[in-house]
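Novice: Structure for the following, please:
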Amino acid sequence: MELGLACSVCGHLNQLRAVSCDRCAAVLAPQPIAPSAVLPNLGAHPATGAGSPARPVTQVSTASSSPATVPLPSGMQAQPPSPQNGAVKPPSTVISSVQPSSAVPAQPRFNAVTGAPLEALQSKPAAKTMFFGALQQQHVVPRLVVIKGEGGDGVTYHLSATNHVVGRSTGEIRFNEDFFLSPEHALFSVQGNRLFAKDLGSINGVFVRIKSPVPLDHGDCFLVGEQLLRLDSAPFNEPGPDANHTYSYTSPRPDARFRVVQLLAGGGEGRIVSAQGTTLTLGREANHMNFPQDRFISGRHARLDSASDSHHIILTDTGSRNGTFVRIKGAVELFHGDYIFIGQQLLRVEIS
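Specialist: Residues are numbered from 1 along each chain as shown. Model (predicted):
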């Protein structure tokens, strides 16, 4: 598209900053708008009440010769030029012609910057500015989903109240046939959009699957497959004689900072494996502590490491399929996607 100023006399397209037409030397200025186009009755004759059609007048041009004869409307008389020193001074500008509105079509006007027609811009309604409103947050109802065999979803419990007790015979969520659950086992508390779990002094506790390395203290319990294990990080007693200065037979002490104790069904301790220096690995095979008959344990399941800057032992899941679970102490916050073992129930937390 070529932009420019159209001459209203000859229609020639001039440059945007041109003052006069390059072809006919007419002054370039915006087209006058007839008053009757805005107010229809403006200029109406008193007797008839209707005005004559608007006739746009072309722009004036500079004249150096005698003025041209201009036709005047009826009822008006031409005024002769006033003499000065016996000479008639021609006017500097005269009206070149008067044309009906149908003789010279109105030229479209364009924006000098964007090139868009001014009429289109004037007719387009102004855009309204919208205002931000307060974001409406929907109430979140946490859920506990029971995981069935082969990882399928079972019953879903919606925690719509503030507190929910889980147990075998007491509480809002009951598993009457699970005899590994205490009558009143755990408490789930909803605070805003957050969910917390607390062990109510149950025998078997509440276990949460770890998603990142966690520190353990002496006596903490954790689950690997079907194995319930306890961390023993207490220092060994120094050997010495009894009151009669007699030494007891003992095995040589391993050079290890901690040990893992297997807790057996019905009570008692099973295998006890000491760390190799500062590390102990657990799994089904090729580890420091192996459980080849446990089908729920991965080949390389978990690892324990001594923390160099504290007395803690760091437990890490090494990409097992069924995860590693740690028994909670006190109240802990649960997050979306967490897994919990309560009795024989595996539950998944959903907060969305």
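Novice: Now do stretch 302-315: distance from first to last residue.
Specialist: 7 Å (Cα to Cα, to the nearest Å).
Novice: I misspoke; the intended subject was stretch 287-305.
Specialist: End-to-end for stretch 287-305, by Cα to Cα: 14 Å.
Novice: quick one: the strands in the stretch 201-350 of the chain?
Specialist: For the stretch 201-350 of the chain, strands defined by DSSP state E, counting those that start in this stretch occupy the ranges 206-209, 214-216, 221-224, 227-232, 259-263, 269-274, 279-283, 289-290, 302-306, 313-317, 324-327, 331-334, 339-342, 345-350.
Novice: Which one, of those, ends up nearest to Ser251?
Specialist: Across the strands of the stretch 201-350 of the chain, Ser251 has its closest neighbour in strand 269-274 (11.1 Å, Cβ to Cβ). The way it works is simple: take the backbone N, C-alpha and C, and place the C-beta from them, glycine included.
Novice: now the closest one and strand 259-263, what's the angle there?
Specialist: 170 degrees (axes from the mean of the first three to the mean of the last three Cα atoms, to 10 degrees).
Novice: Now do strand 269-274 and strand 279-283, the angle between them.
Specialist: 140 degrees.
Novice: From the contact counts, what lies against strand 269-274?
Specialist: Other elements packing on strand 269-274 under the criterion 3 or more Cβ pairs under 8 Å, 6 or more residues apart in numbering; DSSP states H and E are strand 259-263.
Novice: elements contacting the strand it packs on?
Specialist: strand 227-232, strand 269-274.
Novice: Domain parsing of the protein, as residue ranges.
Specialist: As given by automatic domain parsing, the domain ranges for the chain are 1-64+93-122, 206-236+255-327.
Novice: Quick one: mean pLDDT over the longest one.
Specialist: If I follow you right, that is domain 206-236+255-327. For domain 206-236+255-327, mean pLDDT is 94.
Novice: and it, how far apart are its ends?
Specialist: End-to-end distance for domain 206-236+255-327, by Cα to Cα: 6 Å.
Novice: Please convert the strands of the stretch 201-350 of the chain to a markdown table, extending it with distance to Asn176.
Specialist: Converted to a markdown table, the strands of the stretch 201-350 of the chain look like this (distance: least, Cβ to Cβ, whole Å):
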| stretch | distance to Asn176 |
| --- | --- |
| strand 206-209 | 19 |
| strand 214-216 | 33 |
| strand 221-224 | 23 |
| strand 227-232 | 24 |
| strand 259-263 | 26 |
| strand 269-274 | 31 |
| strand 279-283 | 34 |
| strand 289-290 | 36 |
| strand 302-306 | 33 |
| strand 313-317 | 32 |
| strand 324-327 | 24 |
| strand 331-334 | 24 |
| strand 339-342 | 14 |
| strand 345-350 | 12 |
